[in-house]
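1. here is my input; please provide its structure:
(one chain, ligands or ions: 1)
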Amino acid sequence: MLKVKSNYKNKYKTNLTCRACGLAEETQIHIMQECTKLHQNDTNKVTQEMIFSENTTQLSQTAQRIQTTMNLLETFSKPSGVPLQSDRRALTPSVTGGMALPEAQRSPGTTQQPGTSAP
Ligand SMILES: [Zn+2]
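-> All right, here's what the predicted structure looks like:
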């Protein structure tokens, strides 16, 4: 069981809308495969076949993808009253034309390049 809203219908009785895109019900399938906010490419998509695979290497990769996706989903959760950086982005979609990029995809930590150190 994943921590998606459809698995917690008692907790989220009134609003099952996806925390990331706000366009669909936050089901396991949606979170793992369908959500366009969580999956801007296929890199972290998880299919049912992958979840029920008996290949342990595959399963470990699947677990990693799920973890990555759930972490990303958490960044869309908005604790009320706490102005997070991600909140500011979400409140000003016009700045980016509605394309709010997840933090992970614009990590500034790539400026240091190994191999270019002093001789
Ligand atoms: Zn979604």
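2. what pLDDT does residue 26 get?
-> Per-residue pLDDT puts residue 26 at 94.
3. before we move on, what about residue 15?
-> Per-residue pLDDT puts residue 15 at 79.
4. repeat for residue 7
-> As predicted, residue 7 sits at a pLDDT of 70.
5. what do you get for residue 54?
-> In this model, residue 54 is scored at 95, pLDDT.
6. okay, now it: neighbour count?
-> Around residue 54 there are 6 other residues, counting by other C-beta atoms under 10 Å. C-beta: built from backbone N, CA, C; applies to glycine.
7. what about it, is that helix, strand or coil?
-> Three-state call for residue 54 (DSSP: H, G, I helix; E, B strand; the rest coil): coil.
8. phi, psi of it?
-> For residue 54, the backbone dihedrals (degrees, to the nearest 10) come out as phi -100, psi 0.
9. output the contacting helices and strands for the helix or strand that contains residue 57.
-> If you go by DSSP states H and E, residue 57 is part of helix 56-76. Where contact means 3 or more C-beta pairs under 8 Å, 6 or more residues apart in numbering; DSSP states H and E, helix 56-76 is packed against helix 48-51, helix 85-91.
10. confidence-wise, which of the ones you listed is weakest overall?
-> When I compare those, helix 85-91 is least confident, with a mean of 51.
11. the residue nearest to residue 18 when sequence neighbours are not counted and the ion, how far apart?
-> Counting by C-beta to C-beta, 6 or more residues apart in numbering, residue 18 lies nearest to residue 26, which is 4.2 Å off, once chain neighbours are set aside. With distances taken as C-beta to the ion, to the nearest Å, residue 26 is found 7 Å from the ion.
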